[in-house]
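K.L.:
okay, sequence plus prediction incoming.
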Amino acid sequence: MFSSLRFFSQQVASQRQVRANAEAGSVNYKDLMDIAEEACRRGEQVIREAADKPREITHKGAADLVTDTDQKSEKVVLGFISEKFPDHGVLGEEGGIAGNAGSDYLWICDPIDGTTNFTHSYPPFAVSVGVLEKGVPVAGAVVEFAGSQGNWHTRMYTAYKGGGTYLDGRKVSVSSEDSVQQSLLITGFDQVEHGEPWAKNMDLFKHFTDKSRGVRRSGAAAVDLAHVACGIADAYWEMRIKAWDVAAGTLLVTEAGGTITSMDGSEHSVFSRSHLASNGKLHKPMQPIMQEAIEELVQKGNDFGPWFIPDGLSFKVTPPAI
């Protein structure tokens, strides 16, 4: 009981400090991480209340699902952030850009990363909240749902620029594995468009399945990046996912000592159309194979420039080299 009261008091004190800093016009990255974590907790509560109950499911595409819970979670998460920082921009998967898009700060939310998993009560799925400062991730949180029907539990991953990455408050780091042959890898596939990029990624999946200990596909990119960050997987790649999928996970990886680039090796942005994250040691053997795949796709006319960039941003998104 006393530990619960102490935790509550600490949370209240932290929130008061955040408000004081905001009123004084100063924002530090630890404050932003605390708000991202609390926002995720609020989304988590929405999902817990809906877990194992009938879903209201609609389709954004043939296999691109959205539930009423996605929409409720996003409303709660972004509403909380906008209350704390009314002068910041906010971007949600379901609602798009809102708030002050011209701010140096842009909060990006995926209210349920892994909606298809959620609709089937199949783990993992997550709430992901990341914040950019002038286009660079500086704080984020991902709350991962694991377990099963009637027995859900969560893990909270957090990070802030210069402060490291944490799993349930414990500092974590990427793995030290330097051999692809001994590595566990993760990828993902576009559920909607099964064109040339999808087919090329199938080729990569086959290649690395043969070369590694195995390749997994969880269906939740934020969780995949979190697993690389805490060292239980060694590298992750995927094409054609959006900023809300990676805004928080990108920072989790880099603050845990890992590396993230576009698959062609160019500078990474959360708006990139391809992503390669690793413990750093696996980038050298994996990246040239990825680059060859992307270059082949570009030669065939596939666009791998940045995408889904909201209008009115105060910062520019640097396009990849090809």
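P.N.:
Great, that's in hand.

K.L.:
mind telling me what element the residue nearest to A277 when sequence neighbours are not counted is part of?
P.N.:
Computed as C-beta to C-beta, 6 or more residues apart in numbering, the closest residue to A277 that is not its neighbour in sequence is I260, at 4.3 Å. No exception for glycine: its C-beta is placed from N, CA and C like everyone else's. Assigned by DSSP states H and E, I260 falls within strand 259-261.

K.L.:
by contact count, what packs against that strand?
P.N.:
The contact analysis (3 or more C-beta pairs under 8 Å, 6 or more residues apart in numbering; DSSP states H and E) places strand 259-261 against helix 243-255, strand 274-278, helix 283-299.

K.L.:
for the protein, which residues score under the pLDDT cut-off?
P.N.:
For the chain, applying pLDDT under 70 flags the ranges 1-26, 54-66, 318-322.

K.L.:
what residues go with each domain of it?
P.N.:
The record's domain split for the chain, according to automatic domain parsing, is 2-172, 180-299.

K.L.:
would you mind putting the ones you listed into TSV with mean neighbour count alongside?
P.N.:
Converted to TSV, those look like this (neighbours: other C-beta atoms under 10 Å):
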stretch	mean neighbour count
domain 2-172	19
domain 180-299	21
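
K.L.:
tell me which of the helices and strands packed on strand 259-261 sits nearest to S176.
P.N.:
Closest to S176 of the helices and strands packed on strand 259-261 is strand 274-278 (C-beta to C-beta; 11.8 Å).

K.L.:
the closest one pairs with which strands, parallel or anti?
P.N.:
Using DSSP bridges, the strands paired with strand 274-278 are strand 235-239 (antiparallel), strand 259-261 (antiparallel).

K.L.:
out of those, nearest to D87?
P.N.:
Closest approach to D87 among the strands paired with strand 274-278 (C-beta to C-beta): strand 259-261, 28.8 Å.

K.L.:
give me the distance from the closest one to the chain's centre.
P.N.:
Distance, stretch centre to chain centre, for strand 259-261: 14 Å (C-alpha atoms, centre = their mean, to the nearest Å).

K.L.:
and for stretch 274-289?
P.N.:
18 Å.

K.L.:
likewise stretch 139-154?
P.N.:
With C-alpha atoms, centre = their mean, you get 14 Å for stretch 139-154.

K.L.:
for stretch 165-182, same thing?
P.N.:
On the basis of C-alpha atoms, centre = their mean, stretch 165-182 is displaced by 17 Å from the centre of the chain it belongs to.

K.L.:
and if you look at stretch 293-302?
P.N.:
Relative to the mean C-alpha coordinate of its chain, stretch 293-302 is positioned 26 Å out (C-alpha atoms, centre = their mean).

K.L.:
could you do stretch 31-42 as well?
P.N.:
The chain centre lies 14 Å from the centre of stretch 31-42; the measure is C-alpha atoms, centre = their mean.
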